[in-house]
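>>> Pasting the sequence and the predicted coordinates here, then a few questions.
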Amino acid sequence: MHPVSVVLGKEFRDARRDKRAILSAFLFPVFAPVFVYFMLTAIIELRSDVDKLTLPIIGSDHAPDFIQWLKERDVRIEPFTLSPDDAKQAVKEKQYELVLVIPENYQQRLAELRPIAIEIIQDGSRNDARTTVNRTQELIRDYNREIASLRLIARGISPQVMQVVVNQDIDVASKQERTAQALNFIPLYVILAAFVSGMGVAVDSTAGERERKTLEPLILNPVERYQIVMGKWFAATIFAAAGMGMTLILCVFAMTQVPLELIGLTIQVEFSQMLLMFIATLPLAFLSTSLQLLLGIFAKSFKDAQSYIGLLTFLPVVPSVYTMFNPIATQDWMFALPMLGQHLLLVDVLGGKEVPLLAYLYSGASCFVVGMGVVLITARLFQRESIING
């Protein structure tokens with residue numbers, strides 16, 4: 001048998017008996033889809049709560065037409081009998097998200113065709129109330145436009161004279177592509193799985209073996225050091241790839257169990273798409289485990305290695321979060337950047353886009369070349385006697 005396959009088999013058997021390695025390999029793939037399911041469900045429930053809008057209003061009897069217009073749009077009116085100062089205190093104490101104040105001279109100013117100031121008492125520091133405030137402001141703007149149009153019609157003037165330029169959006173993206181962009185945090189979990197699932201095996205085969213005093217007998221064998229490192233690398237990569245595939249399958253399953261159509265999203269992932277997504281992220285398993293092996297040989301114990309290697313999980317977060325808040329125009333050379341290329345590939349494939357073969361070659365080659373370079377550096381460091389004692 002080839003020395004690499006012997007070391008691979010040995011590390012694989014050790015990993016199967018190690019509860020810590022199994023736990024780190026499959027805990028994240030199980031909990032990530034659960035988190036995705038509950039997060040999407042919470043978003044849908046939040047959107048449903050916003051659709052069922054309730055407005056506390058001071059002076060609701062001053063504007064019966066406006067109140068009736070709100071009720072026709074499924075807005076529930078809650079009369080607020082206290083003063084505006086009391087309303088400000090109630091909003092400040094987070095008893096209400098907002099309170100509307102309709103002035104007493106509403107009807108008089110309406111008859112005089114003068115602007116009417118409807119106050120919205122809100123707390124601008126509350127992010128949870130922002131959606132309700134925005135929808136309330138939009139309702140008031142809609143009512144304002146409707147009344148303005150009726151006034152023009154009453155004077156024999158078409159409301160269209162007030163419209164000089166009207167924008168007409170033509171969205172060339174499909175519903176699947178828009179959904180993939182809205183759910184671009186799903187690729188982040190799949191990429192993170194490549195860094196988390198193989199971590200236990202990579203740490204155990206380096207710092208763990210040094211802690212158990214089994215590393216010295218291993219390297220005393222008449223085998224090239226790079227062959228030992230390669231065997232450890234492939235064993236950790238197998239677990240990383242398995243966890244990544246499990247995360248992908250369960251995340252897609254979780255998305256199909258959520259009624260995304262309630263928030264205007266449509267998702268349909270076929271087997272071919274899942275296969276392409278797995279192929280796109282598979283090279284990242286080689287890169288992540290090579291980096292974990294390199295850091296693992298510098299740790300004196302399993303616990304120390306977990307602390308060091310845990311910092312690696314921030315690497316895939318950076319490009320994913322950057323593209324979430326700062327969308328970029330994808331170019332071919334971007335696929336050659338590890339982690340960024342995988343994120344772009346996953347979003348495109350999830351959106352049903354036709355991804356050129358060159359993109360897969362760029363992303364795969366860059367990850368494998370960098371990973372192989374790190375492995376060779378690790379093998380060279382294995383030549384040092386200080387590695388045995390840490």
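All right, it came through fine.

>>> Counting neighbours, which bits of stretch 52-61 end up buried?
Buried positions in stretch 52-61, judged by neighbour count with 16 or more other CB atoms under 10 Å: 53, 55, 56, 57, 58, 59, 60. C-beta here means a position set from N, CA and C on the backbone, and glycine is covered the same way.

>>> how about the closest residue to residue 26 other than its chain neighbours, secondary structure?
For residue 26, ignoring the flanking residues on the chain, the nearest one in space by CB to CB, 6 or more residues apart in numbering is residue 243 at 6.2 Å. Following DSSP: H, G, I helix; E, B strand; the rest coil, the label given to residue 243 is helix.

>>> Does residue 243 touch residue 195 like I think?
No: the criterion here is CB atoms under 8 Å, and residue 243 misses it with residue 195 at 9.6 Å.

>>> Just the pLDDT at the residue nearest to residue 26, thanks.
Turning to residue 243, the model gives it a pLDDT of 89.

>>> what residues are up against it?
By CB atoms under 8 Å, 6 or more residues apart in numbering, the residues touching residue 243 are 25, 26, 28, 29, 193, 194, 196, 197, 198.

>>> Residue 196 is in contact with the second one, correct?
No: Residue 26 is beyond contact range of residue 196, at 9.9 Å (criterion: CB under 8 Å).

>>> More neighbours: which of those two?
More crowded of residue 26 and residue 196, by other CB atoms under 10 Å: residue 196, with 27 against 19.

>>> in which helix or strand would I find the nearest residue to that one once chain neighbours are set aside?
Closest residue in space to residue 196, ignoring its immediate chain neighbours: residue 28 at 4.4 Å, by CB to CB, 6+ apart. Using DSSP states H and E, the element containing residue 28 is helix 19-51.

>>> can you tell me the helix or strand for residue 363?
Following DSSP H and E, one finds residue 363 within helix 357-381.

>>> ok, now which ones touch the residue most central in space within the chain?
Taking CA atoms, centre = their mean as the criterion, residue 185 is the residue nearest the geometric centre of the chain, at 2.1 Å. By CB under 8 Å, 6+ apart, the contact list for residue 185 reads 36, 320, 324.

>>> The helix or strand where residue 238 lies: which residues count as buried?
Using DSSP H and E, residue 238 sits in helix 225-256. Within helix 225-256, the residues that count as buried by 16+ other CB under 10 Å are 225-252, 254-255.

>>> Is residue 99 located within a helix, as I assumed?
No: assessed with three-state DSSP, residue 99 is strand; it does not lie in a helix.

>>> From residue 252, how far off is it?
For residue 99, the distance to residue 252 equals 44 Å [CB to CB, to the nearest Å].

>>> For the helix or strand residue 218 falls within, what is the distance to the chain centroid?
Secondary structure from DSSP H and E places residue 218 in helix 215-219. Chain-centre distance of helix 215-219: 42 Å, with CA atoms, centre = their mean, to the nearest Å.

>>> name the helices or strands packed onto it?
Judged by 3 or more CB pairs under 8 Å, 6 or more residues apart in numbering; DSSP states H and E, the packing partners of helix 215-219 are helix 225-256, helix 386-389.

>>> got the buried residues for stretch 104-112?
Of the residues in stretch 104-112, 106, 110 count as buried by neighbour count, 16+ other CB under 10 Å.

>>> Next: stretch 113-130.
116, 118, 121, 122, 123, 129.

>>> Quick check: phi and psi at the fifth one.
Backbone dihedrals for residue 123, given as degrees, to the nearest 10, come out at phi -110, psi 110.

>>> Skip the chain neighbours and tell me the closest residue to it.
residue 91 (5.4 Å).

>>> Where does that neighbour fall, secondary structure wise?
Assigned by DSSP H and E, residue 91 falls within helix 84-92.

>>> buried residues in the host helix or strand of residue 273?
Counting by DSSP H and E, the element that carries residue 273 is helix 271-296. Within helix 271-296, the residues scored as buried using 16+ other CB under 10 Å are 273-274, 276-278, 280-296.
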